[in-house]
Each structure stands twice: as C-alpha cells, then as structure tokens.
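S.K.: No sequence on hand, only this structure:
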C-alpha cells in the first residue's frame with residue numbers, strides 16, 4: 001500500500017479536490033481522503 005499526497009487532484013466523478021491523499025494497492029486506487037494532518041508513509 002502506498003499513499004500519495006496531492007495539492008490538487010482531479011477525479012472525473014468529483015471534479016477537483018484540494019489537499020487529498022490517494023491510497024493505492026497493487027497499482028490501483030483504493031481510496032481517497034482529505035489530508036488534514038501529517039500521516040506517516042505519505043509521499
């Protein structure tokens with residue numbers, strides 16, 4: 001599992017999201033959540 005932080009993220013079904021984290025597993029997006037605090041293992 002890897003987590004990537006993004007200032008701006010575009011998802012077709014949601015539009016633009018500001019300061020969110022994308023969590024991936026085996027190359028596929030598993031979940032997206034807001035970056036509200038510092039989380040370990042986020043690139």
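M.R.: That came through fine. Everything quoted here is computed from the prediction, not taken from an experiment.
S.K.: where along this structure do the strands fall?
M.R.: Listed in chain order, the strands of the chain (DSSP state E) span 2-11, 15-25, 28-34.
S.K.: which stretch among those comes nearest residue 40?
M.R.: Among the strands of the chain, strand 2-11 comes nearest to residue 40, with 9.0 Å by Cβ to Cβ. Every residue, glycine included, has its C-beta placed from N, CA and C.
S.K.: Give me the contact list for that closest one.
M.R.: 16-25, 32, 35, 39, 41-43 (Cβ atoms under 8 Å, 6 or more residues apart in numbering).
S.K.: Distance from that strand to the middle of the chain?
M.R.: Put simply, strand 2-11 sits 4 Å off its chain's centre (Cα atoms, centre = their mean, to the nearest Å).
S.K.: could you dump the strands of the chain to JSON lines with mean pLDDT?
M.R.: Formatted as JSON lines, those follow (pLDDT from 0 to 100):
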{"stretch": "strand 2-11", "mean pLDDT": "95"}
{"stretch": "strand 15-25", "mean pLDDT": "96"}
{"stretch": "strand 28-34", "mean pLDDT": "95"}
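S.K.: check contacts around residue 26.
M.R.: No residues are in contact with residue 26 under the rule Cβ under 8 Å, 6+ apart.
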